[in-house]
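Chemist: With the input below, show me the fold.
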Amino acid sequence: MNHKPLISIVIPTRDRHETLEYTIQTILQQKFDNYEIIVSDNNSSKETRNIINNINLEKIRYVRSNIDLTLCESWEQAVSNAQGEYVMGISDNDGLIDGSLEFIAKLLEVNNNPLVINFVKNNYHWPELEITGNMMILHSIKEFEQLEQIDGISLIQEVLTNTKQFYRLPMIYNSIVNRKLIEQMISFNGKIFNALSSPDVYSGFMIAYFSKFYLKLNIPVTIAGNSAKSIGVNCLRNHKSEVLNREIIARKKSSIKLHHLIPQGNIMSHTSSIYDAYFQFQDLTQTNNFIIDMKLVYKQIVDDLLVFTQEDLDKSLEQIYLACSKNKTILDFIYSYINIHPIKIKKVDLVRPKNNLYTNSLILDGKKFNCDNILDVSKFMANFYDYSSPEIYLDKLKNDFSNLHLNCKIAIWGNGEYGRMLQKELIQKRTDIDITFFIDSFSESILTEPITITPNNIPMDLDYIVIASSFIDEISKIIFNLQLPKNITIIKFII
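Modeler: Next comes the predicted model:
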């Protein structure tokens, strides 16, 4: 591949060749072609390399570590080898929905190449999983706009208050991220990822913070897979699997350590991993923007604790108490809380869908639709989504017009009732603004003040075009076809 691709799709993998082959095929089936695939092998057996050799395509680059890496280091190896302008990550049992890659590329184009587009994921449980095997979960999009703007700073605070909302963070694992943001992450300590147990969540905090506002796509692009060798699946099983054991041993050798404010060791609490990611992010960025209650931190870690034996429980409590020990008030609170709400030793949990994640979703049995791998599922799910019409995200004009900068030049698109109403309000509230033109395809022959021009005669030195019309969708498509320069910001006026 002689040119830099638009998109790098990175796949960290270790000994999951049974699913990896199908994952790669869900990408290769896409009609869009300006991408590369980075298969980052974390010391797998020869079968993984054999799959890449058999496919034998230049757009697939294979990199390998000859020692076991932690999950964090594996993601580092994968993303650091990407060359594309944008990077998105998927796991080696995930997939891209057929048609979604071309769609996401068009979204980038029509929205002036934003720093981030975060997207929702569908889910698939591979057939070998007991009870829930071959289950497909399709998320509904009917109640949402295609694109919305998210305040990343506010979202971080929401996640810190309720860690069950972590999946909403714009992670490299559920977003397409511009290289500029990745380079900003690297600038702090030379690493993209700096959290031992949740590198994806760490990237979510970083991206939300530095992008400040980003686009959220409410149409699924990828399918998150659960299979027998998934780390998350093995954490929910009552046995010491090889998958977890290799990760635990690699962590002991890693230069990245758990943050000192959270319980140490290998306690099973996803909330603990989320706070580890946050504290690492906070230390590196030196941000003090967020309110955090350490009592709530440890309470949530306790509530989320997963133990299967008395020995696991004793070790976990020891680490939790030790983490709280520097603050007697918090330690007393946790002692009291655990005494009132004793932690239960759980029985084997075999990867059951959680209702809070699958609200308003369609859950189907893959077997009934002749789907028994992620490639089949990718083609099946494509029937549920319209990838033909990527929308432009248009910010709404604020009531006080504070999102229009001082002394700017604007054109109002719409010479009817809405346009004249906006003109009147601007004259009253923002005398510094230069309303240069009206834009209207149907009344260009009528003399107006300011003058009305056609869409084909839009000057290139405008700061803003404000759509003041009931035909916002139609005008948005016209704007896309015009391919206006990126210096012109498009905003919509909503009454």
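
Chemist: And stretch 202-212, what's buried?
Modeler: Of the residues in stretch 202-212, 202-211 count as buried by neighbour count, 16 or more other CB atoms under 10 Å. In short, each C-beta sits where N, CA and C put it, glycine included.

Chemist: how about the CA coordinates for it, as CSV?
Modeler: Listed next in CSV are the C-alpha coordinates belonging to stretch 202-212 (Å, rounded to 0.1, in the frame of the first residue of the first chain):
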residue,chain,number,x,y,z
TYR,A,202,-8.9,5.2,29.3
SER,A,203,-9.0,6.2,25.6
GLY,A,204,-12.7,7.2,26.1
PHE,A,205,-11.8,9.6,28.9
MET,A,206,-8.9,11.1,26.9
ILE,A,207,-11.0,11.5,23.7
ALA,A,208,-14.0,12.9,25.4
TYR,A,209,-11.8,15.4,27.2
PHE,A,210,-9.7,16.7,24.3
SER,A,211,-12.5,16.7,21.7
LYS,A,212,-14.7,18.6,24.1
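
Chemist: what's next to it, contact-wise?
Modeler: Residues lying outside stretch 202-212 but in contact with it, judged by CB atoms under 8 Å, 6 or more residues apart in numbering, are 115-116, 150-153, 155-156, 166, 169-173, 175, 177, 181, 184-185, 192-195, 214, 277-278, 280-281, 285, 287.

Chemist: out of the residues you listed, which are inside helices?
Modeler: The subset of these located in helices under the criterion DSSP state H comprises 152-153, 155-156, 181, 184-185, 277-278, 280-281, 285.

Chemist: Quick check on those: which are buried?
Modeler: 152, 155-156, 181, 184-185, 277-278, 280-281.

Chemist: Show me where this structure dips below the pLDDT cut-off.
Modeler: 1-2, 131, 142-143, 237-239, 348-359, 442-448 (pLDDT under 70).

Chemist: any idea which strand is longest in it?
Modeler: When the chain is scanned for its longest strand (criterion: DSSP state E), the result is strand 213-226.

Chemist: Which SSE is immediately downstream of that one?
Modeler: Using DSSP states H and E, the helix or strand that follows strand 213-226 towards the C-terminus is helix 231-235.

Chemist: count of residues packed around N54?
Modeler: For N54, the tally of surrounding residues (other CB atoms under 10 Å) stands at 8.

Chemist: Quick check: which element contains it?
Modeler: Using DSSP H and E, the element containing N54 is helix 46-55.

Chemist: now swap in S255 and tell me
Modeler: According to DSSP H and E, S255 maps onto no helix or strand at all.

Chemist: same thing with M421?
Modeler: According to DSSP H and E, M421 maps onto helix 417-429.

Chemist: now for that helix, which elements pack on it?
Modeler: Secondary structure elements in contact with helix 417-429, counted by 3 or more CB pairs under 8 Å, 6 or more residues apart in numbering; DSSP states H and E, are strand 409-413, strand 434-439.

Chemist: rerun that using 10 Å as the cut-off
Modeler: strand 409-413, strand 434-439, strand 464-467 (3 or more CB pairs under 10 Å, 6 or more residues apart in numbering; DSSP states H and E).

Chemist: Of all those, which one is nearest N43?
Modeler: Comparing the helices and strands packed on helix 417-429 by their distance to N43 (CB to CB), the top pick is strand 464-467, with 53.1 Å.

Chemist: List the neighbouring strands of that closest one plus their orientation.
Modeler: strand 409-413 (parallel), strand 489-492 (parallel) (DSSP bridges).

Chemist: Now find how far off-centre it is within its chain.
Modeler: Strand 464-467 sits 29 Å away from the centroid of its parent chain (CA atoms, centre = their mean, to the nearest Å).

Chemist: could I have that strand exported to CSV, CA atoms only?
Modeler: This file holds the C-alpha atoms of strand 464-467, laid out as CSV (Å, rounded to 0.1, in the frame of the first residue of the first chain):
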residue,chain,number,x,y,z
TYR,A,464,-21.6,30.9,8.7
ILE,A,465,-24.6,29.8,6.7
VAL,A,466,-27.7,29.6,8.9
ILE,A,467,-30.5,27.5,7.6
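
Chemist: contacts for that strand?
Modeler: When contacts are defined by CB atoms under 10 Å, 6 or more residues apart in numbering, strand 464-467 is touched by residues 394, 397, 401, 403-405, 408-414, 418-419, 422-423, 426, 433, 435-437, 439, 455, 458, 473-476, 479, 482, 484, 488-494.

Chemist: Kindly recompute the last result at 8 Å.
Modeler: The contact list for strand 464-467, computed with CB under 8 Å, 6+ apart, reads 394, 397, 404, 408-414, 422, 439, 458, 475-476, 479, 484, 488-493.

Chemist: of those, buried ones?
Modeler: Among the contacts of strand 464-467, those buried by neighbour count (16+ other CB under 10 Å) are 394, 397, 404, 408, 410-414, 422, 439, 458, 475-476, 479, 484, 488-493.

Chemist: Look up how far F480 lies from R16.
Modeler: Distance of R16 to F480, computed by CB to CB, to the nearest Å: 40 Å.

Chemist: So for these two, which residue has more residues nearby?
Modeler: When neighbours are counted by other CB under 10 Å, R16 and F480 differ, and R16 comes out ahead with 23 against 18.

Chemist: tally of neighbours for the residue lying closest to that one once chain neighbours are set aside?
Modeler: If the residues on either side of it in the chain are set aside, R16 comes closest to D92, at 4.6 Å by CB to CB, 6 or more residues apart in numbering. D92 has 28 neighbouring residues, counting by other CB under 10 Å.

Chemist: Quick one: classify D92 as helix, strand or coil.
Modeler: The local conformation at D92, judged by DSSP: H, G, I helix; E, B strand; the rest coil, is coil.

Chemist: Distance-wise, check it relative to M135.
Modeler: Here the distance between D92 and M135 works out to 19 Å (CB to CB).

Chemist: do the same with N111
Modeler: When distances are taken as CB to CB, N111 and M135 turn out to be 34 Å apart.

Chemist: quick one: W413 and S441 touch, right?
Modeler: No: in terms of CB atoms under 8 Å, W413 does not count as a neighbour of S441; the distance is 9.6 Å.

Chemist: Return the backbone torsion pair for M135.
Modeler: Dihedral angles phi and psi of M135 (degrees, to the nearest 10) take the values phi -90, psi 130.

Chemist: And the helix or strand that contains L362, what's buried?
Modeler: In this structure, L362 sits in strand 361-365 according to DSSP H and E. Residues 361, 364 are the ones in strand 361-365 that count as buried (16+ other CB under 10 Å).
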